[in-house]
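In: I need the structure of the sequence given here:
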Amino acid sequence: MKNLFYAELTKNREHNENQNMNIFANCLITIVALLHFYFLLLEMVFWTKPLGLKAFRQTLQRAEDTKVLAANQGLYNGFLVAGLCWSLFTPNIDMAMPLAVFFLSCVVVAGVFGAMTVSRKIFVIQAVPALLALGALYLKDFFN
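Out: Numbers count the residues shown, from 1 in each chain. Predicted coordinates:
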C-alpha cells in the first residue's frame, strides 16, 4: 500500500511539474505575441505619431517617407502574432508544439537579421524572448 501511495504521489508531482512548465512556456509565448502586437501598433498606427517617432528615433519627415514600409513590417508582425496565438489556442494538441516552434523560430530569425542590419538592440528585444520561449518548450518536452 505504501508503494502504491508513493507511486501515485510521484505521478501527481510529475504531472504538476509538467503542467507548471507548460504554463511557463505558454506565458513566454504570450509575451512574445504581445510584444509583436505592440510592434504592429507602432509600425502601422503610431509610426508618424510621437510614440512611433520616439520609439524609432526618427524625424516626422523620415517617418512620412517610410510609413508604407513600416506598415508592411507591421503586417508581418501581425502574421507572427496570429501564428503564435494559433499555437496557443489550437484545439489540435499535436499541432501546438510545431506551430509554436515554427513561429518562434521566425521571430528569432527576424531578430537576428534585425540585429545584423539595423541595431543589436533588436536581438535583445525580439530574439531573446523568443529563444527563452523555445527553451521553455523544449524543457517542457524534456520533462514529459
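
In: Ile93 and Phe102: what is the separation?
Out: The gap separating Ile93 from Phe102 is 16 Å, by CB to CB, to the nearest Å. The C-beta positions use only the backbone N, C-alpha and C, and glycine is treated the same way.

In: these two touch, right, Asn22 and Ala100?
Out: No: counting by CB atoms under 8 Å, Asn22 sits too far from Ala100 to count as a contact (11.2 Å).

In: I'd like the next helix or strand past the helix or strand in which Val81 is found.
Out: If you go by DSSP states H and E, Val81 is part of helix 60-89. Where DSSP H and E defines the elements, the next helix or strand beyond helix 60-89 is helix 93-117.

In: And that next one, what does it pack against?
Out: helix 2-44, helix 60-89, helix 121-122, helix 128-143 (3 or more CB pairs under 8 Å, 6 or more residues apart in numbering; DSSP states H and E).

In: of all these, which lies closest to Val112?
Out: helix 121-122 (8.6 Å; CB to CB).

In: Centre of the chain to that closest one, how far?
Out: Remark: helix 121-122 is offset 15 Å from the chain centroid, using CA atoms, centre = their mean, to the nearest Å.

In: before we move on, what about stretch 52-65?
Out: 25 Å.

In: hmm, who's touching that stretch?
Out: Outside stretch 52-65, the residues that touch it by CB atoms under 8 Å, 6 or more residues apart in numbering are Leu42, Glu43, Val45, Phe46, Trp47, Thr48, Thr66, Ala70.

In: Point out where this structure drops to low pLDDT.
Out: 1-21, 141-144 (pLDDT under 70).

In: make it 50
Out: 1, 4-17 (pLDDT under 50).

In: State the distance spanning the first to the last residue of stretch 87-95.
Out: The first residue of stretch 87-95 is 7 Å away from its last residue (CA to CA, to the nearest Å).

In: For that stretch, buried residues please.
Out: For stretch 87-95, a neighbour-count test (16 or more other CB atoms under 10 Å) marks Ser87 as buried.

In: Just the residues contacting it, thanks.
Out: Asn26, Ile29, Thr30, Ala33, Ala96, Met97, Leu99, Ala100, Phe103.

In: how many other residues sit next to the last one?
Out: Counted with other CB atoms under 10 Å, the neighbours of Phe103 add up to 25.
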